[in-house]
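Trainee: any chance you could fold what I've pasted below:
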Amino acid sequence: MANQPWKLCVAIAVIAGASIAHAEDLAVTADEFQASVVNKTMRVKSTSGKVYEMQLRDGGKAIVAVDYNDVGRWRPAEPNGFCLSWNKQAPTENCYTMVRRDGALAILSANGTLGSWVESVR
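Mentor: Prediction:
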């Protein structure tokens with residue numbers, strides 16, 4: 001890497017970018033997550049505009065309804081996140097963080113980028 005300093009710069013930029021949080025983010029506590037999300041139906045809108053409904057049920061079952069239906073597994077991930085794997089789409093586990101941003105629930109990807117907004121929970 002010493003002969004290729006650009007690689008070091010890219011690595012530092014990626015690490016720095018991943019650790020920068022939105023100034024207004026408030027972490028959702030484990031208790032708040034359990035009370036407001038688990039066993040409820042979330043209407044979620046991705047940053048690309050796709051709207052879907054998702055349930056994270058006690059016991060680890062996850063259900064999503066979008067252009068198709070899928071089921072999978074979820075688990076809590078400390079301190080304020082969760083990890084998902086689906087049967088049809090992306091069987092690899094992906095982890096997310098849930099925060100309050102601008103007065104709404106936001107779902108961030110593992111690297112901290114905004115992935116979706118929770119539009120409603122019922």
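
Trainee: and the helices in the chain, which stretches?
Mentor: 5-19, 30-36 (DSSP state H).

Trainee: tell me which residue is most central in this structure.
Mentor: Tyr96 (2.9 Å; CA atoms, centre = their mean).

Trainee: how about Val37: what's its closest non-neighbour residue?
Mentor: Once flanking residues are discounted, Val37 sits nearest to Leu56: 6.1 Å by CB to CB, 6 or more residues apart in numbering. For glycine as for every other residue, the C-beta is placed from the backbone atoms N, C-alpha and C.

Trainee: what sits against that neighbour?
Mentor: Val37, Val38, Asn39, Met42, Ala62, Trp74, Phe82 (CB atoms under 8 Å, 6 or more residues apart in numbering).

Trainee: same deal with Ala104?
Mentor: So Ala104 contacts Trp117, Val118 (CB under 8 Å, 6+ apart).
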